[in-house]
Structures are given as C-alpha cells and as structure tokens.
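Trainee: dropping a prediction and its sequence here:
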Amino acid sequence: MNGIHKEGQLWIGISVLLIFSLIAGLMYRFGPTHSLSLGITILGAAWLLLLIQFFRIPDRKLKKQPDFVLSPCDGKVVVVEKVFEPEYLKEECWQISVFMSPLNVHINWYPIDGEVDYYQYHPGKYLVAWHPKSSTENERSSVGLVTYSGQRILVRQIAGVLARKICCYAVKGVRVPQNQEMGFIKFGSRVDLFLPLDSEIRVEIGDVVTGGISRLAQFAHAGSMEEPTL
C-alpha cells in the first residue's frame, strides 16, 4: 500500500477523532476493562481498518498499453453486451461493466490515451450497483474520450447503495494519458465502459479485473489510440 487516497483522509481523520474521544470517555466513566469500553474499542478499530482498506492507494506499477483498453477500476465484470448508448456515442456499442465491492480499491483510471470530449454529472437514485437500471437511473458521472485517431468511448462512474459520493477529475478539452486518475467513488459502486462495435472484447462476465492492468478490449486498429509524436 502506498498510503491513503486524498478522498479518504478527511473521513479517516474525523473517524479517529470521534472514536478516540468516545473510547476515552467510556474508559474514564467505566474503566478500561468494562465490556462496553472493550466492545467500542474493537468496533472502532474494525471501522478504521475498513476505512484504510477502502481508501488505500494500491502498490502497483501501471504501464501504458496503447494498443488496449484497460480496466478503469478493480472489481468483477458483471456485464458484457451490445447496447444502444444514447447519451454520448448515440449508437449501438459494446458495454462492459465492472462492479467494485467495498473491499476493492475505488480509484478510477483513464482506460486509454485521449482527450476529454464530454463530461456530465447526473444526480439520481442509489439502486444496487449491479441492477440493470443503475446505469441510467443512479447518480453517475459520464466522461466521453476521443482517441487521437478519432475513436470515441464513454466511461461512466455509477454510485451504488452505499456510494453517496462520486469524485470525477475530468475536464473537457484536456488531454489525458492512459492510467492517469480519473476519479474515485466512495463505498461500493460500478464503472461502465461503452466501446465501438468493432472492438475485440478480451473479458467475460465473472472475470476479476485489476484497474490499469487488465485488458478489457482492443480497438480494431491497434496502435491508433496513442498521442502522435511531434
């Protein structure tokens, strides 16, 4: 682990303050060996460990793979199907969805080199992240990317039942490298990818993928996604 992500530092700081204040008060009132003092100490420690696990920065070396669309997050593939995407691509395409459990790293990375061509935040519901309607009805952020050869994809961050905060760092018109941080989703969620129909899909439903490393797909014209050398 390379430390705690900036999105979790305030959460952990407040939790430490509240837990230690509560434990100190209970120990002062009942003593350190009282069952209530011991119980709250154990629960507080478990909560802090869960937060550290959730907001950890993974110790991994992310290498660019310009011929491939890489997974934008850690998790399990729950959808691989052809759909019509009406928001940005406005055409039939491949949808690949990756579900993140509360135990997964929740950092989201850009899956390709390109330019942010579209960004839109949508308030919404908090259905379970694997629900089919969560992609269009839940709170979500949509980021459209265009490669340097003109191919377009859509990356959609989706909040789940526990997730109540989507952090997206995308800025329209900015060029972004593959594996740069795109954002963070707090407490259980999912990421959808929408790719051109001629993409070669490299995963199946049930596959466990690693953000910035696992290859989800390959464009029909390999090597065309990387920024041209001037």
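Mentor: It's in.

Trainee: mind listing the strands for the protein?
Mentor: Here the chain has its strands, by DSSP state E, at 68-70, 75-85, 91-100, 107-109, 114-122, 140-146, 152-159, 165-168, 175-176, 181-186, 189-195, 200-201, 208-209, 215-218.

Trainee: okay, these in a markdown table with mean pLDDT, distance to Gln9 and mean neighbour count next?
Mentor: C-betas here are computed from N, CA, C, even on glycine. Converted to a markdown table, those look like this (pLDDT from 0 to 100; distance: least, C-beta to C-beta, whole Å; neighbours: other C-beta atoms under 10 Å):
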| stretch | mean pLDDT | distance to Gln9 | mean neighbour count |
| --- | --- | --- | --- |
| strand 68-70 | 96 | 27 | 25 |
| strand 75-85 | 96 | 23 | 16 |
| strand 91-100 | 96 | 20 | 21 |
| strand 107-109 | 94 | 14 | 25 |
| strand 114-122 | 95 | 23 | 17 |
| strand 140-146 | 95 | 21 | 22 |
| strand 152-159 | 93 | 20 | 25 |
| strand 165-168 | 85 | 13 | 18 |
| strand 175-176 | 96 | 24 | 16 |
| strand 181-186 | 89 | 12 | 22 |
| strand 189-195 | 93 | 19 | 27 |
| strand 200-201 | 96 | 37 | 14 |
| strand 208-209 | 97 | 27 | 17 |
| strand 215-218 | 97 | 30 | 20 |
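
Trainee: find the nearest non-adjacent residue to Val98, please.
Mentor: Gly75 (4.3 Å; C-beta to C-beta, 6 or more residues apart in numbering).

Trainee: hmm, Val209 and that neighbour touching each other?
Mentor: Yes: in this structure, Gly75 is within contact of Val209 by C-beta atoms under 8 Å, at 6.4 Å.

Trainee: which neighbours do those two share?
Mentor: Val98 (C-beta atoms under 8 Å, 6 or more residues apart in numbering).

Trainee: buried stuff in the longest helix along the chain?
Mentor: As assigned by DSSP state H, the longest helix anywhere in the chain is helix 6-30. Buried residues in helix 6-30, counted by 16 or more other C-beta atoms under 10 Å: Glu7, Gly8, Trp11, Ile12, Ser15, Ile19, Ile23, Leu26, Met27.

Trainee: and what of stretch 198-208?
Mentor: For stretch 198-208, by 16+ other C-beta under 10 Å, it's Ser199, Arg202, Val203, Asp207.

Trainee: and the gap between the last one and Thr147?
Mentor: The spacing between Asp207 and Thr147, counted by C-beta to C-beta, to the nearest Å, is 24 Å.

Trainee: same thing with the second one?
Mentor: According to C-beta to C-beta, Arg202 and Thr147 sit 17 Å apart.

Trainee: what's the angle from the longest helix of the chain to strand 181-186?
Mentor: If you take axes from the mean of the first three to the mean of the last three C-alpha atoms, to 10 degrees, helix 6-30 sits at 30 degrees to strand 181-186.

Trainee: and helix 6-30, what's its mean pLDDT?
Mentor: Average pLDDT, helix 6-30: 82.

Trainee: please state the offset of that helix from the chain centre?
Mentor: 27 Å (C-alpha atoms, centre = their mean, to the nearest Å).
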